[in-house]
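Peer 1: Here is the input, now give the coordinates:
(chains A and B)
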Protein chains: 2
Amino acid sequence: MLTRPDVAVVGAGPVGLAIAWRCAQRGLRVVVHDPAPGSGASHVAAGMLSPVAEAYFGEHELTGLLADSAARWPAFAAELTEAAGTDVGYRTDGTLVVGLTADDLAEARRLWSYQQGLGLPITPLRPSALRDREPALAPRVRGGAVAPGDHQVDPRRLVAALRAAAERAGAVLRPAPVDRLSDVDARFSVVAAGCGAAALTGLPVWPVKGQVLRLRATGGGAPGFRHVIRGYADGESIYLVPRDSGEVVVGATVEERTDTEVTAGAVLRLLRAAVDLVPELAEYDLVEASAGLRPGTPDNAPIIGPLPGRPGVLVATGHHRHGIVLTPVTADLVTELIVTGEPDPLLAPFTPDRFVPEEEPRWN
Amino acid sequence: MLTRPDVAVVGAGPVGLAIAWRCAQRGLRVVVHDPAPGSGASHVAAGMLSPVAEAYFGEHELTGLLADSAARWPAFAAELTEAAGTDVGYRTDGTLVVGLTADDLAEARRLWSYQQGLGLPITPLRPSALRDREPALAPRVRGGAVAPGDHQVDPRRLVAALRAAAERAGAVLRPAPVDRLSDVDARFSVVAAGCGAAALTGLPVWPVKGQVLRLRATGGGAPGFRHVIRGYADGESIYLVPRDSGEVVVGATVEERTDTEVTAGAVLRLLRAAVDLVPELAEYDLVEASAGLRPGTPDNAPIIGPLPGRPGVLVATGHHRHGIVLTPVTADLVTELIVTGEPDPLLAPFTPDRFVPEEEPRWN
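Peer 2: Next comes the predicted model:
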């Protein structure tokens, strides 16, 4: 590529690669800068596409964006699978939300009642109906609900497919780090660098550590359950994501830490809750314990849009625990912004200008 | 080495390497065959030198051998450290045996009362004395005892030092596997191949799987406790071995299995018991989870001595959970047998002929 690129994306995680793919599809010349594509938060992510079960109190605007992006996922997955020629592990078996003890069930019910109040598709199940759906659940699980529209994808396969699709569409990967935005020469620069966005833009993005386990069913078979299971177990909140390969992802801690060490206490809490909810997991192999850093923001919402005072610079970061589900909508909106110059109204609550300090800091 | 070796050792674990070192010290020409030295049971072993706390009901002869070998350890460690020029992590801080609940304490006491009855050095401690010795113990630990003569060594360092000492003394390592004893050309062959001894000799040696964790104190410091801790916690029997490096070995399961997978249930049981006994371990990094195969035998005792019907072939295997503590005595006795042709009376209960089938099997 000898001519100046139209778009330089900094960061080859799912968000950066999806933007690169979408832009390249529109005929733009795209480069993606990353010394280690797919090695950030997505490498550890479970890949739940949970607009309903992730709808939290006081986060209406984020809940709307999650639902919008989740609705894009079926077509996105189909188009990507076709474009890349590789499977992304997209599964639509739905999600069960369960509580182990009476207290756990009360905690779960408090949230799903809120979600029902928003009109979201989540339905309480009697214990017998719960066990009919998922006999692998422990007999002592007190109850739960089903969110049939909360699906899953395999983030590692997603990154591989997005990379292939972006490259097939003409995007070029450059395996070098970007230390300063001024080092990037393109009509548009898109900062999709996860936690690295803070140093590049000055925006308030910080690491939120998550520890995750990967188990594998013995004998090479599939796990003994099909649904994503989000459970509360003796006060611990975890999820279990079964894959066709036999893998079960167990996550995740949420810690305001910047290291990526795996700690004994976190592994203990995750395993205890997992085995309490689905006893057969005790027999599974423990094949990986890892930690990643999600890009967190002050209001738990992503930062997507033009960087004030820096013409031609756009930002797509701060996706926190929602990077995988928000990949399609982020890529579509950023691409539209680049192509048309007009921000979609959906972006309004998430633009970077909500964090830019006033000329005179308020505390003066 | 162009001339025929005097001794060919099959297996470069601690036992094989110590035999090679001792024989080379006596002027014998020694080769050691192993495609992956130190990769067997010793790689996973914790390195407890516990003749007292490992003295079990009905194992008098083994208990005597453990005590004999443990008594050789101080001089063995000193000589080896000098000969190899590297440290082996030999520590003499002693061992605490503790029980978490009243039931656990009763279980522990049943065994240490037996050990006291044999005249072995183990002394019950009042809870306050226990906590004075090791403040890192959980307040709910009900009681325990101290075995001041039960020490530890680092098996990985031990293997490295034995290899260096053996090579310095003239032994030659050959990194190739031995499939048949007839492929080995030497005056004496010594089968020290752990579980691999079964295929080479027909002796009843089988794998006993052990799963072990390695934690590390954060910040690079030493662990917050000095003693080896052998604990019973809600019916689970575990040990915690602290090293100067900050490492704490947590072990171990005992499973009649031949695979070396790490299972979720085993990690959960080990971590739960470890954190229940020493709460600060929850903050430690989990740096390794691994499994090894100990060479077990029908009577839980090692097999050391001449292989009947195979002149010139000796065996040193079946050390089960005691390979590290029994390394010095095994090496000394095998070397004496090779040099003098006379078996030490100590060997009598452990020679291979106790397993060789009679001419007419008994069930005919």
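Peer 1: Correct me if wrong: residue A:149 contacts residue A:51.
Peer 2: Yes - because the distance of 7.3 Å satisfies Cβ atoms under 8 Å, residue A:149 is recorded as touching residue A:51. For glycine as for every other residue, the C-beta is placed from the backbone atoms N, C-alpha and C.
Peer 1: Give the intersection of the neighbour lists for those two.
Peer 2: Jointly contacting residue A:149 and residue A:51 under the rule Cβ atoms under 8 Å, 6 or more residues apart in numbering or on different chains are residue A:70.
Peer 1: can you pull the contacts of residue A:125?
Peer 2: By Cβ under 8 Å, 6+ apart, the contact set of residue A:125 is A:96, A:133, A:143, A:144, A:145, A:146.
Peer 1: name the element residue A:295 belongs to?
Peer 2: strand A:285-296 (DSSP states H and E).
Peer 1: Using PDB, write out every CA atom in that strand.
Peer 2: Below are the C-alpha coordinates for strand A:285-296, written out as PDB (Å, rounded to 0.1, in the frame of the first residue of the first chain):
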ATOM      1  CA  ASP A 285     -10.200 -31.000  32.800                       C
ATOM      2  CA  LEU A 286      -9.000 -27.600  33.900                       C
ATOM      3  CA  VAL A 287      -7.100 -26.500  30.700                       C
ATOM      4  CA  GLU A 288      -6.600 -22.800  31.200                       C
ATOM      5  CA  ALA A 289      -6.700 -20.200  33.900                       C
ATOM      6  CA  SER A 290      -6.100 -16.700  32.600                       C
ATOM      7  CA  ALA A 291      -6.800 -13.000  33.300                       C
ATOM      8  CA  GLY A 292      -7.500 -10.100  31.000                       C
ATOM      9  CA  LEU A 293      -8.000  -6.400  31.300                       C
ATOM     10  CA  ARG A 294     -11.400  -5.000  30.200                       C
ATOM     11  CA  PRO A 295     -11.400  -1.300  29.200                       C
ATOM     12  CA  GLY A 296     -13.600   0.300  31.900                       C
END
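Peer 1: Residue A:149 and residue A:51: which is more packed in?
Peer 2: residue A:51 (28 against 20; other Cβ atoms under 10 Å in any protein chain shown).
Peer 1: contacting residues for the more buried one?
Peer 2: The contact partners of residue A:51, by Cβ under 8 Å, 6+ apart, come to A:63, A:66, A:67, A:69, A:70, A:120, A:149, A:150, A:325.
Peer 1: next one: the helix or strand where the second one lies to chain centre, how far?
Peer 2: In this structure, residue A:66 sits in helix A:60-84 according to DSSP H and E. Centroid displacement of helix A:60-84 relative to its chain, using Cα atoms, centre = their mean, to the nearest Å, is 12 Å.
Peer 1: looking just at contacts, which helices and strands does that helix meet?
Peer 2: With contacts taken as 3 or more Cβ pairs under 8 Å, 6 or more residues apart in numbering or on different chains; DSSP states H and E, helix A:60-84 sits against helix A:155-168, helix A:327-340.
Peer 1: any idea what sits nearest residue A:131, other than its immediate chain neighbours?
Peer 2: residue A:137 (5.9 Å; Cβ to Cβ, 6 or more residues apart in numbering or on different chains).
Peer 1: What pLDDT is listed against that neighbour?
Peer 2: What the model reports as pLDDT for residue A:137 is 98.
Peer 1: Surely it forms part of a helix?
Peer 2: No - looking at residue A:137 with DSSP: H, G, I helix; E, B strand; the rest coil, it is coil, so not inside a helix.
Peer 1: Burial check on the residue of the stretch 101-250 of chain A found nearest chain B, number of neighbours?
Peer 2: Residue of the stretch 101-250 of chain A nearest chain B, by Cβ to the nearest Cβ: residue A:215 (5.3 Å). By the criterion of other Cβ under 10 Å, residue A:215 has 27 neighbours.
Peer 1: is it true that it touches residue A:247?
Peer 2: Yes - if you go by Cβ under 8 Å, residue A:215 and residue A:247 touch, sitting 7.2 Å apart.
Peer 1: Now do the shared contacts for those two.
Peer 2: With Cβ under 8 Å, 6+ apart, residue A:215 and residue A:247 have common neighbours residue A:287.
Peer 1: where's residue A:21, which helix or strand?
Peer 2: helix A:14-25.
Peer 1: Any buried residues in that helix, and which?
Peer 2: Neighbour counts over helix A:14-25 (16 or more other Cβ atoms under 10 Å in any protein chain shown) mark A:14, A:15, A:16, A:17, A:18, A:19, A:20, A:21, A:22, A:23, A:24, A:25 as buried.
Peer 1: nearest to chain B, of those residues?
Peer 2: For the buried residues of helix A:14-25, the minimum distance to chain B (Cβ to the nearest Cβ) is 27.5 Å, reached by residue A:14.
Peer 1: pretty sure that closest one contacts residue A:156?
Peer 2: No - counting by Cβ under 8 Å, residue A:14 does not reach residue A:156; the two are 10.1 Å apart.
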